[in-house]
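Peer 1: coordinates only, sequence not included:
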């Protein structure tokens with residue numbers, strides 16, 4: 001049996017783990033991560049555009065960009081009609097994931113919580129779906145019978161996600177996140193020992209929830225930070241807890257296992273929000289049938305489509321759509337004018353300032369210029385406000401374009417472009433150990449894993465093999 005045939009790969013995904021915290025600010029508090037930095041390979045891992053959980057994990061696991069996946073965020077337009085976008089799930093993924101490719105080679109896979117894996121696709125092994133699972137009454141595992149094991153192994157109700165992370169009840173949320181993560185790691189550690197596997201990948205969503213809920217409590221640079229607050233160390237304590245859990249796993253691994261600790265994107269403080277649809281209204285691009293009596297999220301039936309040229313979806317970034325004649329049901333922009341209008345709108349969006357009139361360093365991108373191909377119904381423009389320090393808010397009736405409250409509930413953090421990469425293996429050359437790698441992207445992960453496990457890398461896969469073991 002060749003060395004490649006005995007190798008195994010374990011990926012521990014920490015959704016939104018922030019490199020500035022892991023590699024710099026809290027490095028001394030995180031002995032396992034520090035050991036991996038000293039004895040393995042490490043660096044910042046560039047996310048996809050947009051740097052959002054869905055589609056980022058799918059891009060990482062497939063080596064395909066969001067345009068190829070046809071997934072541009074949690075919610076995507078299903079057609080060029082005006083009805084509300086739908087939440088993306090596993091049914092939207094048409095490209096093969098790592099576990100699909102490895103299963104075809106007979107490699108045994110264990111997949112836990114990787115978005116989007118609901119409904120659960122079949123694998124050569126075990127799959128437990130992700131936080132997109134609506135409830136535990138549905139079938140969320142493959143094979144079906146694995147579902148019966150989870151609560152027993154977790155020693156309690158196995159939680160796919162916390163019930164509500166955008167809440168002011170921080171005490172309960174903090175308890176819920178620790179309970180969820182503790183139970184997930186019980187399953188991980190037992191299945192690592194007892195299930196047959198060549199490839200094991202898990203994503204813990206708790207860190208993403210922690211950062212959205214508790215960033216302002218730890219970061220003195222956050223506009224809402226209060227020194228000495230009761231949750232000042234909550235986020236650091238959770239990072240330390242994750243480090244301990246991963247440390248126990250490291251101690252249990254055999255010499256043939258290659259370990260990766262990764263995040264799909266980073267995180268940073270949120271300074272505020274831009275009410276994108278209110279801005280489009282103020283500039284004459286979006287017309288409503290009636291003036292809202294209060295601030296409300298824009299819905300299709302509120303819009304006077306015959307007088308509207310553009311509208312947007314909010315979120316961590318803005319997806320701006322144009323109302324094009326012959327494409328949308330009541331389109332008004334002639335196709336011959338489409339590109340000129342899009343360029344005009346792009347320039348206007350780039351110049352939106354902050355609440356004090358200062359430049360925001362916005363970024364406005366056309367999908368066909370950043371993706372290899374464009375599938376599904378993409379935004380006409382992707383807009384990132386303030387280098388992701390400001391989010392996009394879809395409210396109308398706000399009487400202004402700047403806001404410091406999130407339209408979906410309390411939120412302190414936005415996503416950032418770079419996540420973390422940590423890799424540990426006995427086969428890393430001693431001369432390379434401790435090396436900080438540059439220019440890593442999440443597209444490099446799939447070809448690297450396939451190479452380690454001795455499987456062919458599809459030629460259409462993006463990314464490079466990071467290191468050959």
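Peer 2: Perfect, I can see it now. No experiment lies behind these values; they were computed from the predicted model shown. Numbering: from 1, shown residues only.
Peer 1: Tell me the bridge partners for residue 201.
Peer 2: Counting by DSSP bridges, residue 201 forms beta bridges with residue 11, residue 111.
Peer 1: Surely it touches residue 107?
Peer 2: No - under the criterion of CB atoms under 8 Å, residue 201 makes no contact with residue 107, lying 11.9 Å away. The way it works is simple: take the backbone N, C-alpha and C, and place the C-beta from them, glycine included.
Peer 1: Name the residue in the two with the higher neighbour count.
Peer 2: Between residue 201 and residue 107, residue 201 has the larger neighbour count (other CB atoms under 10 Å), namely 27 against 24.
Peer 1: Let me know the distance separating that one from residue 331.
Peer 2: Distance, residue 201 to residue 331, using CB to CB, to the nearest Å: 43 Å.
Peer 1: hmm, who's touching stretch 165-176?
Peer 2: Residues outside stretch 165-176 that contact it (CB atoms under 8 Å, 6 or more residues apart in numbering): 159, 162-164, 177, 209, 212-214, 231, 234, 406, 408-411.
Peer 1: buried ones in that stretch?
Peer 2: For stretch 165-176, a neighbour-count test (16 or more other CB atoms under 10 Å) marks 165, 170, 173-174, 176 as buried.
Peer 1: same deal with stretch 310-317?
Peer 2: Of the residues in stretch 310-317, those buried (16+ other CB under 10 Å) are 310-317.
Peer 1: And for residue 299, the neighbour number?
Peer 2: The number of residues packed near residue 299 is 12, by other CB under 10 Å.
Peer 1: Isn't it up against residue 82?
Peer 2: No - assessed by CB under 8 Å, residue 299 is found out of contact with residue 82, at 9.5 Å.
Peer 1: In space, what's closest to residue 245 - neighbours in sequence excluded?
Peer 2: Nearest non-adjacent residue to residue 245, counting by CB to CB, 6 or more residues apart in numbering: residue 185, 4.7 Å away.
Peer 1: now residue 130: how far from residue 145?
Peer 2: 20 Å.
Peer 1: More neighbours: which of the two?
Peer 2: Higher neighbour count among residue 130 and residue 145: residue 130, with 26 against 8, using other CB under 10 Å.
Peer 1: Now do that one against residue 222, distance only.
Peer 2: Residue 130 is 29 Å from residue 222, by CB to CB.
Peer 1: Then residue 333?
Peer 2: With distances taken as CB to CB, residue 333 is found 40 Å from residue 222.
Peer 1: And for residue 334?
Peer 2: Relative to residue 222, and taking CB to CB, residue 334 is found at 46 Å.
Peer 1: Residue 282 reaches residue 401, doesn't it?
Peer 2: Yes - counting by CB under 8 Å, residue 282 does reach residue 401; the two are 6.8 Å apart.
Peer 1: my read is residue 261 is in a helix, agree?
Peer 2: No - with DSSP: H, G, I helix; E, B strand; the rest coil as the criterion, residue 261 is assigned strand and is not in a helix.
Peer 1: Grab the nearest non-local neighbour of it.
Peer 2: residue 422 (4.2 Å).
Peer 1: Residue 384 now?
Peer 2: Leaving aside its chain neighbours, residue 384 sits nearest to residue 363 (4.3 Å; criterion: CB to CB, 6+ apart).
Peer 1: where does the one you found fall, phi/psi-wise?
Peer 2: Reported as degrees, to the nearest 10, the phi and psi values for residue 363 are phi -130, psi 130.
Peer 1: ok, back up a step: who has more neighbours, residue 334 and residue 222?
Peer 2: Per other CB under 10 Å, whichever of residue 334 and residue 222 has more neighbours is residue 222, with 17 against 11.
Peer 1: looking at this protein, which helix or strand does the model trust least?
Peer 2: Ranked by mean pLDDT, DSSP states H and E, the weakest helix or strand in the chain is helix 3-6, scoring a mean of 67.
Peer 1: most residues in a single helix of this protein, which one?
Peer 2: Ordering each helix of the chain by length in residues (DSSP state H) puts helix 170-194 first.
Peer 1: quick one, what contacts the residue lying closest to residue 141 once chain neighbours are set aside?
Peer 2: Take residue 141 and drop its neighbours on the chain: the residue closest to it by CB to CB, 6+ apart is residue 147, 4.3 Å away. Residues near residue 147 by CB under 8 Å, 6+ apart: 139-141.
Peer 1: wait, what's in contact with residue 68?
Peer 2: Residue 68 touches 95, 371-373, 375, counting by CB under 8 Å, 6+ apart.
Peer 1: for residue 86, that is, sorry about that
Peer 2: So residue 86 contacts 75-76, 78 (CB under 8 Å, 6+ apart).
Peer 1: Which among those residues count as buried?
Peer 2: Buried members of the contacts of residue 86, scored by 16+ other CB under 10 Å, are 75-76.
Peer 1: For residue 447, state which of the contacts of residue 86 is nearest.
Peer 2: Nearest to residue 447 out of the contacts of residue 86 is residue 76 (CB to CB; 26.4 Å).
Peer 1: is it true that residue 317 touches residue 388?
Peer 2: Yes - using CB under 8 Å, residue 317 makes contact with residue 388 at a distance of 7.4 Å.
Peer 1: now the helices for the protein?
Peer 2: Under DSSP H, the chain gives helices at 3-6, 19, 31-39, 53-62, 66-69, 98-104, 147-154, 170-194, 206-218, 234-252, 276-282, 338-350, 367-370, 445-452.
Peer 1: most packed of the ones you listed?
Peer 2: Most buried of these, by mean neighbour count (mean count of other CB atoms under 10 Å): helix 53-62, with a mean of 27.
Peer 1: re the thing from before, does the residue nearest to residue 245 really touch residue 243, like I thought?
Peer 2: No - between residue 185 and residue 243 no contact is recorded; they are 11.9 Å apart, counting by CB under 8 Å.
Peer 1: any idea how this protein splits into domains?
Peer 2: Listed domain ranges for the chain are 3-268+415-452, 272-410 (source: automatic domain parsing).
Peer 1: Looking at these, which is nearest to residue 468?
Peer 2: Counting by CB to CB, residue 468 lies closest to domain 3-268+415-452 out of those; the figure is 6.2 Å.
Peer 1: on that earlier part again, in contact with the residue nearest to residue 384, which residues are there?
Peer 2: Residues counted as contacts of residue 363 (CB under 8 Å, 6+ apart) are 350, 383-384, 387.
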